[in-house]
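# Predicted coordinates and the sequence they were generated for:
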Amino acid sequence: RKKMFRAQTYINRLTDDNIAIFLFHGVVQEQSSGLRNYNKKHILESQFEDLLAGLVADGHPVSMNDVVEFCEGELLPPKSFAITFDDGFLNNFEVAAPILERYEIPATFYVTSDFVDRNRMSWADRIDQAFDSVLEISIYVPWRNKRTHAKTKDEKISLLEEIREVVKGDSNYDGDELASLIQTQLGFDEIWNGNGVFDKKMTWNQLRILDNKSLFNVGGHSHTHPVLSHLDENQLRYEISTCINMIGQELDRSIEHFSYPEGMSSSYSSGVINELKKFNIICSPSAEDGVNSVSSDPFKLKRIFVV
């Protein structure tokens, strides 16, 4: 948790024969002094710019369309890399995009359609916000048979990480239901709408502005951000079809790119991939760490999570 951000660590992942795809969520001008963003999902603007400057100096930026062509055998320059963002945070538009334009670096923004449509927060961000708003935690979580207490920042973070691990790994638990349960236990109304730099999402109009720029592309990231592999056939179709159709309608074009929510190997499956292909998706990277070779499957691409 105390690990320092070092741009060179990421720049060193570039290789002559493989493509590195970098995964970001947000870029902010200053960090929280509290619990919010403890996992550095949103990196500092200065760190983002340092990293982009180093990547451009050492490597060659490409789009996700170029990555698909690479997977089909197209040769790309040595040390090629792609930039991607998940979820649809407003800071992507306000902070990250102008820097990307300055360096002439393409980027793909994978957005969760319900987050954009109603400025919704993810279940994990809802729980983080609730934990950050009280001095002491005393809650019941379904997989423990006793009330759980947490007072210090480290105790709260340990409990947050346990909750994340359980929800992402066990299909019996719905993240949003759990977030509502925890918010209620801590004395809050159910809070869904995002405000502030760590929660607020882009609007459809802002996405249209991004998508109209030649450097940028918008893709899907589900409708409500569940673990897709946990869903039954009807739920899966709803999440994918609603997302792709809504974004396509708002941007007035067909959507070809997608990324899996959570993105670990257990978060997607052959069934998920087959459903995406029915909607003419050509590529969906995971969040598994690694670089990609010419033989990589465009539906099992690895990404490097920048924190």
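Happy to help now that I have it. Numbers count the residues shown, from 1 in each chain.
# What strands line up against the longest strand seen in the chain, and which way round?
Across the chain, the longest stretch assigned as strand under DSSP state E is strand 80-87. Looking at strand 80-87 with DSSP bridges, its partner strands are strand 20-24 (parallel), strand 60-61 (parallel), strand 107-111 (parallel).
# I'd like the next helix or strand past the shortest one.
The helix or strand immediately downstream of strand 60-61 is helix 64-71, counting by DSSP states H and E.
# so what does that following helix touch, helix or strand wise?
For helix 64-71, the packing partners by 3 or more CB pairs under 8 Å, 6 or more residues apart in numbering; DSSP states H and E come out as strand 80-87, strand 216-220. Heads up, the C-betas are built off the backbone N, CA and C, glycines and all.
# how far away is the most centrally placed residue in the chain from His257?
By CA atoms, centre = their mean, the chain has its centre lying nearest to Asp86, at 3.0 Å. As judged by CB to CB, to the nearest Å, Asp86 and His257 stand 12 Å apart.
# sorry, back to before: give the buried residues for the longest strand of the chain.
80-87 (16 or more other CB atoms under 10 Å).
# And stretch 23-43, by the same measure?
23-28, 35-38, 40-43.
# Farthest-apart pair in these, please.
Leu23 and Leu35 (22.5 Å; CB to CB).
# ok so, going back, so which of the strands paired with strand 80-87 comes closest to Val197?
Each of the strands paired with strand 80-87 was scored for nearness to Val197 using CB to CB, and the closest is strand 20-24 (14.1 Å).
# I would like the residues contacting the closest one, please.
10, 13-14, 43, 48, 55, 59, 64, 67, 80-86, 96, 263, 285, 287, 291-292, 301-306 (CB atoms under 8 Å, 6 or more residues apart in numbering).
# follow-up on the earlier one: got the contact list for the nearest residue to the residue nearest to the centre of the chain once chain neighbours are set aside?
Excluding its sequence neighbours, the residue lying closest to Asp86 (CB to CB, 6 or more residues apart in numbering) is Tyr110, at 5.1 Å. Tyr110 is in contact with 84-88, 218-221, 257-259, counting by CB under 8 Å, 6+ apart.
# any idea how far Tyr110 lies from Glu162?
With CB to CB as the criterion, Tyr110 and Glu162 are 27 Å apart.
# and what of Ile304?
Taking CB to CB, one finds Ile304 at 25 Å from Glu162.
# Which of the two has more residues huddled nearby?
Taking other CB atoms under 10 Å, Ile304 and Glu162 do not tie; Ile304 has more neighbours (19 against 14).
# Name the helix or strand for Ile273, please.
Going by DSSP H and E, Ile273 is part of helix 270-278.
# So which elements touch that helix?
Partner elements for helix 270-278 (3+ CB pairs under 8 Å, 6+ apart): helix 233-251.
# Just the buried positions in the helix it packs on, please.
Buried, per 16+ other CB under 10 Å, within helix 233-251: 236, 239-240, 242-244, 246-248, 250-251.
# now swap in stretch 247-263 and tell me
Those would be 247-248, 250-251, 255-263, for stretch 247-263 by 16+ other CB under 10 Å.
# Now flag whichever of those residues is closest to Lys168.
Glu262 (5.3 Å).
# List the contacts of the closest one.
168, 227, 287.
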